[in-house]
Structure formats: structure tokens, C-alpha cells
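Engineer: sequence and predicted structure below; questions after.
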Amino acid sequence: MAIEYSTSVPYTGSAKRALAVAQTTLVSQNFQITSTSDYELSAKGPGVNSTRENPLKAVTEASFVIRNSAIEFAGVLGGAEKMIRFLRIFPLALGAFFLLLWTIMAITVPVFRHWWIFVIAIAPLTPWLVLGPMIGRSIQTRTKAAVDALLANMVLLGNVD
């Protein structure tokens, strides 16, 4: 399930200048330019491993096309998808680990043979039922906002004479 994002903004300036802005920005964020022409730019991004990284890096495939009166962007937010998947799996895996650990403790130490001991194992993970989806949406929203900001910069700087 790839998260795709596409948008366009009105533009009537120089295609070369606008694409130069995009290329400079993407290369500075360790993107690999896969193809370029007078009216088109494609790149592959590095992805993200943390919410503290530049949100633009969450775009793993990007394509900028300049048409008659617009700049069109189409991309895959693979880094955002990866972080969202991690936020779904990590709390479940940690909960399973804690349950296993407390089960072993309950088997070996008779004092821990109470039902409420298992609640202690799971209780610290309950906030992640709310935090995980919130952080996931935040990553996706920040990535889309970063792409929109790049497009706005392309429009502004591409129209400079």
C-alpha cells in the first residue's frame, strides 16, 4: 500500500529555472536524480528513519513535470509509509515481548502468579494506541507540506528575472 501524493500549482515562468530549484533542493537532501529534461525531473529519495529528519526525505519517488501553465508533482511517500508501518508493528511487538517476559516470570516466581501482573506488562503500551496513528498522520501531513513548500519555492524563484 504505497502512499501516493500528486498536486499541481499554476506556473508561467521559466521551466529550466523552476526545475533547477527542485534539483538543487533534492540533491542537497541526498536524492538521486534519475532523469531530467527541459520540462521534467525525476528523482529517488533516501527515505526517513526518524521524525526529526527533513520531511521532504519521506518522498521516495518524485516526478516534476512543467506543462503549459502548471507545475505538476507526482510522488510516492515511501518513507512516511515505512514510519507508519513501524509505528503499527513496534508497540505490538513490544507488548508481545513484555507478555512473554512476564509469563516466564509468573511461571518461575510464584509471587507473580496474579492476573493483574499482566496488566502491568501491557499498561505502558496503551498510549501508543492513540499516539501511533497521530504521529503517522503527522509524518504524512508534514511530508505533503514540505512538497507544497518546494513547489511554492519553484514558482517564486522560477519567475525571478
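Structural biologist: Perfect, thanks for sending it. Owing to the predicted nature of the structure, the values given are computational and were not obtained by experimental measurement. Residues are numbered from 1 along each chain as shown.
Engineer: use CA for all of it now, contacts and neighbours both
Structural biologist: Noted.
Engineer: wait, isn't Gly13 in contact with Val155?
Structural biologist: Yes: using CA atoms under 8 Å, Gly13 is in contact with Val155, at 7.5 Å.
Engineer: all strands of the chain, in order?
Structural biologist: 4-10, 32-36, 40-44, 61-66, 70-76 (DSSP state E).
Engineer: just those: most buried one?
Structural biologist: Neighbour counts (mean count of other CA atoms under 10 Å) averaged over each of the strands of the chain peak at strand 61-66, with a mean of 22.
Engineer: next, the angle from that one to strand 40-44.
Structural biologist: Between strand 61-66 and strand 40-44, the angle comes out at 170 degrees (axes from the mean of the first three to the mean of the last three CA atoms, to 10 degrees).
Engineer: what helices and strands are in contact with strand 61-66?
Structural biologist: strand 40-44, strand 70-76 (3 or more CA pairs under 8 Å, 6 or more residues apart in numbering; DSSP states H and E).
Engineer: how far does the longest one sit from its chain's centre?
Structural biologist: Between the mean C-alpha point of strand 70-76 and the mean C-alpha point of its chain there is a distance of 16 Å (CA atoms, centre = their mean, to the nearest Å).
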